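**Q** need coordinates for the following:
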Amino acid sequence: MADDTVKRAGVIGLGAMGFGMASSLARAGFEVSGYDPAPAAQERASDAGIAPLASPEDVFATAEIIVLSLPAAAHVEAAIAAAQGAGLLAVGAAPKVIIDTSTSEAEVSRKLAAELADAGHGFLDAPVSGGPSGAAAGQLSVMLGGDEAWAGRAMPALEAMAAKILHVGPSGAGNVAKLVNNMLAASHMITTLEALRLAEAAGVGAEDALRVINSATGRSAISEIHYPNWVLPRSFDSGFSTGLMRKDVRLARELAERSGCAMPVADLVAELWAEENSGLKDADDFMHMGDPAVDRLSKKEKM
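**A** Sure, this is the predicted structure:
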C-alpha cells in the first residue's frame with residue numbers, strides 16, 4: 001500500500017511504459033492521474049481508472065509524485081519548464097518529487113535537480129529496464145540517481161513500479177548507468193547475431209547454438225531473453241524501437257567523448273546499427289537486428 005503522505009501520483013507520457021507504470025501505481029493504492037498528447041493513450045488510461053488530464057501542468061497541480069516517461073531529455077526539460085511557468089514548482093509550493101524514468105542525459109538531470117532543490121522540490125533520474133511487460137507487472141529494474149532524502153520520499157512509488165531499485169549515486173548517476181547498459185545491449189545484439197550466423201554457416205542451427213551459449217560464458221540477457229522470446233519466434237515485438245536504441249548508443253558515445261573515454265567497439269556498433277548498414281528504419285522493433293536469417297553485418301563497407 002502506498003505511503004499515505006505521498007498517495008497522489010501522476011504520470012506524464014502514457015505510452016507502453018508509462019501506462020504500465022501508471023497501472024502499477026494504481027494497484028499499489030495511489031490515486032493516479034496522467035497526461036499524454038495522444039488521444040488514444042488518454043482514452044486507454046481512462047478505461048484503466050487513471051484520470052486523464054488536459055496538460056502536463058494539470059498533472060503537476062494534482063500529484064505529489066510525478067513520473068515522467070518521455071522520449072528524450074528535451075521533452076523532460078519542456079515538461080519541467082511548463083510546470084515552473086505555471087508556478088507549480090515555486091519556492092514555498094507543496095514539495096513535489098519528480099521521478100524521471102526517461103533515458104535522459106546526466107547533465108540535464110543534474111541541472112534540473114539543482115534548480116528544483118533550490119525551490120524545495122526533488123528530481124530523481126530513474127531510467128528503467130524491463131520493457132512494457134515489466135512496467136505492466138510492476139517488475140521493472142530502476143537505476144536511480146539523486147539525493148537520498150528525495151529517493152526515500154519517492155520509495156513507495158518506486159517500489160510499486162519496480163522489483164529492483166539500485167541507487168547508483170547522486171543526480172545523473174542513473175542516466176550514466178542506463179546508457180552504459182543500453183550500449184552493452186546494442187553490442188550484445190550484434191555479437192550474438194554474429195555468433196549464431198557463424199554457427200549456422202558451420203552446420204549448427206541457431207537454436208542449438210543458443211542452448212549452448214545460454215549454458216556457458218557467452219550468455220547475456222539478449223541471448224537468454226530476447227532471442228528466445230522475440231527473435232527466433234520471429235515476432236519482433238519487444239516494444240523497443242531501433243530508433244530508440246540508436247539514440248541511446250549516440251548518447252553513450254557523446255558521454256564517452258565528454259569523459260575522454262575511447263570507445264572503439266561502440267563506434268563500430270553505432271555504424272552497424274545505422275540505417276544505411278542495417279537496413280532498419282527507426283520505427284522497426286530493435287529485435288529485427290538479431291535475425292540470423294538476414295545478413296545485416298556484411299552490408300557495411302569494408303574498413
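**Q** dump the residue contacts of the residue lying closest to Val168 once chain neighbours are set aside.
**A** In this structure, Val168 finds its nearest non-sequential neighbour in Ala177, 4.9 Å apart by CB to CB, 6 or more residues apart in numbering. C-beta: built from backbone N, CA, C; applies to glycine. Contact analysis of Ala177 by CB atoms under 8 Å, 6 or more residues apart in numbering lists 127, 143, 145, 166, 168.
**Q** hang on, the second one is in a strand, isn't it?
**A** Pointing back at Met143 there. Yes - residue state for Met143 (DSSP: H, G, I helix; E, B strand; the rest coil) corresponds to a strand.
**Q** and it, how many neighbours does it have?
**A** As a burial measure, Met143 scores 26 neighbours (other CB atoms under 10 Å).
**Q** next: the first one.
**A** Here the neighbour count serves as a burial measure; for Pro127 (other CB under 10 Å) it reads 25.
**Q** turn the contacts of Ala177 into a markdown table, columns for distance to Asp36.
**A** As requested, the contacts of Ala177 are exported to a markdown table (distance: CB to CB, whole Å):
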| residue | distance to Asp36 |
| --- | --- |
| Pro127 | 19 |
| Met143 | 24 |
| Gly145 | 25 |
| Leu166 | 28 |
| Val168 | 28 |
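**Q** separation between the residue nearest to Val168 and Val59?
**A** Distance, Ala177 to Val59, using CB to CB, to the nearest Å: 27 Å.
**Q** about what we covered before: secondary structure element for the residue nearest to Val168?
**A** Using DSSP states H and E, Ala177 sits in helix 173-201.
**Q** same check, this time on Asp282
**A** Judged by DSSP H and E, Asp282 forms part of no helix or strand.
**Q** surely it is in contact with Arg246?
**A** Yes - applying CB atoms under 8 Å, one finds Asp282 in contact with Arg246, separated by 6.9 Å.
**Q** dump the residue contacts of Glu43.
**A** Pro52.
**Q** 10 Å instead, please
**A** 14, 36, 52 (CB atoms under 10 Å, 6 or more residues apart in numbering).
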